[in-house]
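**Student:** Could you work out the structure for the sequence below:
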Amino acid sequence: MNKLPRARSIIRWLPPALLLLLVIILLWQLFVPLRSEQMAVRIKSGDNAASIGRQLRKHGIIRSSNLFRLMASLRGTDRRLIAGTYALGGYHSLWQTLAMLERGNVSAVKVTFPEGLSLFKTLQRIERSGLAGYDELQALALDTLFVQELTGLPARTLEGWLYPETYFFPLDIAPREILSLMTQQFFSQVRAAGIDPARTEDFYQRLVLASIVEKESGFEDERPLVASVLINRLQAGMRLESCPTVDYVLERQGVKKPVLSRDDTQIRSPYNTYRNFGLPPGPICNPSVSALKAAMNPARTDYFYFVADRKGRNDFSATAEEHLRKAAAYKRTEWE
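**Tutor:** Next comes the predicted model:
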């Protein structure tokens with residue numbers, strides 16, 4: 001039985017308003033770009049539009065796998081999409097994505113790493129891009145010989161050394177090359193800021209400090225003040241009691257909390273600065289040059305405390321009494 005007359009009959013009976021709505025939805029799904037993470041998508045020889053559409057929908061690159069298959073069929077390209085590895089996603093419509101696959105368009109993958117991202121999250125982000133697997137990346141990032149080859153310093157991991165910015169990686173790049181490029185960018189950026197790691201005796205300790213500064217404040221103007229508090233506490237023999245160091249421990253356990261509990265601050269870990277004196281054994285994130293400059297040149301203050309003012313900034317205090325008054329004023333409880 002010919003289904004086309006039936007379809008035409010159904011369309012004739014649809015109310016004009018409903019028909020217009022369906023047309024708008026169709027055009028929206030076809031031509032309105034969808035924002036997604038750009039990633040490497042591998043199309044194997046023999047893959048058809050149905051399987052490709054499901055893959056693209058799974059990664060949030062298109063809105064409808066069925067519409068993708070239908071358009072490929074109508075354009076006669078259902079089984080002639082060119083095999084290869086594609087940089088897809090970003091900000092493209094379904095129509096644009098289909099055109100890329102028809103042309104065999106291959107380009108670099110754009111991957112953005114925010115400032116303050118941990119090594120754990122950085123490697124996850126690379127894995128999501130489709131360029132490399134997490135396990136292989138982690139093995140390299142924890143390989144002491146490889147780390148020291150890249151950094152020239154006795155660091156144990158690449159935590160802190162993978163510079164946070166936007167990269168355009170070739171589709172055929174190897175995991176080793178990804179980590180090498182990000183480390184090279186770190187050295188390029190710090191040297192451009194007038195910092196020479198090789199000539200700075202305590203550079204690694206400053207990098208660890210910078211990673212805490214990065215997580216404690218997102219404002220460049222107050223980062224030297226945060227650094228001064230941390231330095232003052234270290235020199236006075238006080239624990240740093242920095243919440244981000246505990247967050248770092250919890251992150252690896254898949255736990256994220258807006259406020260730490262007292263039990264959280266008693267977690268046994270060398271990174272927990274509520275339990276341990278001094279700096280953690282390594283960085284807790286990949287810091288920006290801004291945070292590193294603050295750690296290298298902290299402000300000179302008599303501050304030993306700071307508290308979040310609930311507007312994203314910090315309020316600094318010289319004494320515990322002043323700190324507690326401010327914490328109460330901001331209606332901030334120290335523990336859950």
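**Student:** Off-centre distance for stretch 216-228?
**Tutor:** Distance of stretch 216-228 from the chain centroid (C-alpha atoms, centre = their mean, to the nearest Å) equals 21 Å.
**Student:** What is the burial count for the spatially closest residue to His59 that is not a sequence neighbour?
**Tutor:** Once flanking residues are discounted, His59 sits nearest to Met39: 6.3 Å by C-beta to C-beta, 6 or more residues apart in numbering. In this view, the C-beta of every residue, glycine as well, is placed from N, C-alpha and C. Residues within reach of Met39, counting by other C-beta atoms under 10 Å, total 21.
**Student:** Now do the helices in the stretch 101-250 of the chain.
**Tutor:** 119-128, 134-141, 144-151, 175-192, 203-216, 223-235, 243-251 (DSSP state H, counting those that start in this stretch).
**Student:** tell me the most buried of the ones you listed?
**Tutor:** Of all the helices of the stretch 101-250 of the chain, helix 203-216 carries the top mean neighbour count, a mean of 24, counting by mean count of other C-beta atoms under 10 Å.
**Student:** for it, what is the average pLDDT?
**Tutor:** Looking at helix 203-216 alone, the average pLDDT works out to 97.
**Student:** do stretch 30-42 as well
**Tutor:** 87.
**Student:** Report the buried residues of it.
**Tutor:** The neighbour-count check on stretch 30-42 (16 or more other C-beta atoms under 10 Å) flags 30, 34, 36-41 as buried.
**Student:** Repeat that for stretch 76-83.
**Tutor:** For stretch 76-83, by 16+ other C-beta under 10 Å, it's 77-78, 81.
**Student:** Which of those residues fall within helices?
**Tutor:** Among those, no member is found in helices (DSSP state H).
**Student:** pretty sure Glu321 is in a strand, no?
**Tutor:** No: under the criterion used here (DSSP: H, G, I helix; E, B strand; the rest coil), Glu321 is helix, not part of a strand.
**Student:** Pipe the buried residues of stretch 76-83 into CSV and attach pLDDT per row.
**Tutor:** What follows is the buried residues of stretch 76-83, written out as CSV (pLDDT from 0 to 100):
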residue, pLDDT
Thr77, 81
Asp78, 76
Leu81, 75
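**Student:** Count the neighbours of Ser51 for me.
**Tutor:** With other C-beta under 10 Å as criterion, Ser51 counts 14.
**Student:** Give the buried residues for the host helix or strand of it.
**Tutor:** Here Ser51, judged by DSSP states H and E, is contained in helix 49-58. The neighbour-count check on helix 49-58 (16+ other C-beta under 10 Å) flags 49, 52-53, 55-57 as buried.
**Student:** which pair in these spans the largest distance?
**Tutor:** Within the buried residues of helix 49-58, two members stand farthest from each other by C-beta to C-beta: Ala49 and Arg57, at 11.9 Å.
**Student:** shared neighbours, the two?
**Tutor:** Shared contacts of Ala49 and Arg57 (C-beta atoms under 8 Å, 6 or more residues apart in numbering): Phe68.
**Student:** what's the spacing between Thr157 and Tyr91?
**Tutor:** 34 Å (C-beta to C-beta, to the nearest Å).
**Student:** Neighbour count: those two, which is higher?
**Tutor:** Thr157 (17 against 10).
**Student:** ok, the more buried one touching Gly282?
**Tutor:** Yes: the pair Thr157 and Gly282 qualifies as a contact (C-beta atoms under 8 Å) at a distance of 6.3 Å.
**Student:** Am I right that Asp315 is in a strand?
**Tutor:** Yes: the assignment for Asp315 by three-state DSSP puts it in a strand.
**Student:** What residues does it make contact with?
**Tutor:** Taking C-beta under 8 Å, 6+ apart as the test, what Asp315 contacts is 306-309, 326, 330.
**Student:** Among the residues you listed, name the ones in strands.
**Tutor:** Judged by DSSP state E, strands contain the following of those: 306-308.
**Student:** so Arg35 is in which element?
**Tutor:** Arg35 belongs to strand 34-43, assigned by DSSP H and E.
**Student:** Much appreciated, bye for now.
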